[in-house]
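In: dropping a prediction and its sequence here:
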Amino acid sequence: MRKHYIDWLRNICILFLFPFHTARIFDGNEPNYVQGTPHLFTTNLVFLSFWFMPLMFLLAGMSSRFSLASRTNKQYIKERFLRLFVPLFVGILIVMPPQGYIAIKFHYDYQYSFFDYLKKFFSDFSDLSGYFGSFTPGPLWFIIFLFVISILTLPLMRSISKSNKIKSQLIKLFSHPLKITILGLAITVISILPSIGGKNIFVYGLIFMAGFILTLDDKICEMIEKYRLYYLIVTIIGSITMLIEIYTVGWLDGFSTLGIIFSLIYYFTIWISLLAWIGYGKRYLNFKAGFLSYFSKAAFPIYIIHQTYLVIIGYFILRSVNIFLLQYISIITLTFMICLITYEVIRRFRLTKFLFGIK
């Protein structure tokens, strides 16, 4: 039986990209491809968005369990290659360069043509964020990580599926409302391992595997649904605690006592927030609807293209509109509309469907 709430939660994550990446334009804590005047609302929104990329990896792990149930290893790897690697290659080759061009024009008033800029984009690897015009995978880092994690964890997922002993032990651990929270500590410990551009593939790999484990037995997610309110309360408390910490002593990391405590609160809150999302999703979103069928197919190509449109639109909106609220709403609305129009074009041709990973 298909778990419709997984699709709903994935679609919520994709839709959230629009207010999130628009908020990044007005975030005072980090640079961006284009930047407006920092605003308290968007700065806080960016910080409190710690949940949605981990949730996407968790949902991907849950989906992998169902995918492997009907595929051989060879079929699974082929599907990952066609659905992830091909769109990744197309995205880096075609979709990413325009946002880098806009970034270098915005920050440095770059006067050369887009075609002249392409040489710089594909040769300058000095800053993978790409905020100032260098090469970047942009939001496609998620696809890179997901492809690598999916392939590398395949033997582990198969081993768990075949071993009744391991499976029963994991089910026992994850179906307990308190024991399941221990994974927050494991995520904190593994976050010490090296990251790439501030994104830790080991953390996301562990969350991906946690998603796989959640689907080993229905009683795990039934337990999460039962205790969803408690997980939500802990998430709210953790979020408030982190905001207080940021506005008093600032962002802390490293191996100082306060840095370790903050990291533990941060990653523990992330994990508990994922449990809250699964619990409420299973309770209220486990149904099929026309929008779900449509947007579930549109979600992946929209993920690939959305930020390039958003950066281009943001560039022109910032130059023509001076009121923050109008800037914010205009960028979100126009980007979403153009993404839907682009998807409607892409899905009508066999070649473009293949290139963007549409079934």
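Out: Yep, it's here.
In: which parts of the stretch 151-300 of the chain are helices?
Out: Applying DSSP state H, counting those that start in this stretch to the stretch 151-300 of the chain gives helices spanning 154-162, 164-174, 183-190, 201-214, 218-226, 228-248, 257-284, 290-320.
In: wait, which of these is closest to Val34?
Out: helix 290-320 (4.7 Å; CB to CB). Heads up, the C-betas are built off the backbone N, CA and C, glycines and all.
In: what about that closest one, distance to the chain center?
Out: 14 Å (CA atoms, centre = their mean, to the nearest Å).
In: which residues touch Trp271?
Out: Neighbouring residues of Trp271 by CB atoms under 8 Å, 6 or more residues apart in numbering: 54, 181, 183-184, 187, 207.
In: show me the two of those residues that sit farthest apart.
Out: Pairwise distances among the contacts of Trp271 were taken by CB to CB; the largest, 14.8 Å, belongs to Pro54 and Thr181.
In: higher neighbour count, these two?
Out: Pro54 (24 against 17; other CB atoms under 10 Å).
In: quick check, that one in a strand?
Out: No: applying DSSP: H, G, I helix; E, B strand; the rest coil, one finds Pro54 to be helix, outside a strand.
In: so what's the residue count around Met62?
Out: If you count neighbours by other CB under 10 Å, Met62 ends up with 24.
In: distance check, it against Phe121.
Out: The gap separating Met62 from Phe121 is 36 Å, by CB to CB, to the nearest Å.
In: and the pLDDT at Leu252?
Out: Turning to Leu252, the model gives it a pLDDT of 71.
In: who's in contact with the nearest residue to Gly259 once chain neighbours are set aside?
Out: Nearest non-adjacent residue to Gly259, counting by CB to CB, 6 or more residues apart in numbering: Leu252, 4.6 Å away. Leu252 makes contact with 245, 258-259, 262-263, according to CB under 8 Å, 6+ apart.
In: same list (those residues) but as a markdown table, adding neighbour count, distance to Phe20 and pLDDT.
Out: Formatted as a markdown table, the entries for those read as follows, by neighbours: other CB atoms under 10 Å; distance: CB to CB, whole Å; pLDDT from 0 to 100:
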| residue | neighbour count | distance to Phe20 | pLDDT |
| --- | --- | --- | --- |
| Glu245 | 17 | 22 | 88 |
| Leu258 | 12 | 28 | 79 |
| Gly259 | 13 | 26 | 79 |
| Phe262 | 21 | 22 | 88 |
| Ser263 | 19 | 22 | 89 |
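In: quick check, nearest of those residues to Ser161?
Out: Proximity of those to Ser161, judged by CB to CB, is greatest for Ser263, which lies at 32.5 Å.
In: just confirm the closest one contacts Val189, I think it does.
Out: No: using CB atoms under 8 Å, Ser263 is not in contact with Val189, being 9.5 Å away.
In: grab the nearest non-local neighbour of the residue nearest to the spatial centre of the chain.
Out: Note on the chain: the residue nearest the mean C-alpha position is Met53, at 2.8 Å, using CA atoms, centre = their mean. Ranked by CB to CB, 6+ apart and with sequence neighbours excluded, the top spatial neighbour of Met53 is Phe142, at 6.8 Å.
In: how many other residues sit next to that neighbour?
Out: Phe142 sits with 20 neighbouring residues when counted by other CB under 10 Å.
In: for stretch 158-172, how far is the first residue from the last?
Out: End-to-end distance for stretch 158-172: 19 Å, by CA to CA, to the nearest Å.
In: residues in contact with that stretch?
Out: Looking at stretch 158-172 with CB under 8 Å, 6+ apart, the contacting residues turn out to be 68, 73, 212-213, 216-217, 219-220.
In: residues in contact with the nearest residue to Glu30 once chain neighbours are set aside?
Out: Distances taken as CB to CB, 6+ apart place Arg24 nearest to Glu30, at 7.4 Å, with adjacent residues excluded. Under the criterion of CB under 8 Å, 6+ apart, the contact partners of Arg24 comprise 30, 32, 42, 46.
In: what's the lowest-pLDDT member of those residues?
Out: The lowest pLDDT within the contacts of Arg24 belongs to Glu30, with 90.
In: in three-state terms, label it for me.
Out: Here Glu30 takes the coil state, with states given by three-state DSSP.
In: pick the most buried one from the helices of the stretch 151-300 of the chain.
Out: Mean neighbour count (mean count of other CB atoms under 10 Å) peaks for helix 201-214 among the helices of the stretch 151-300 of the chain, with a mean of 23.
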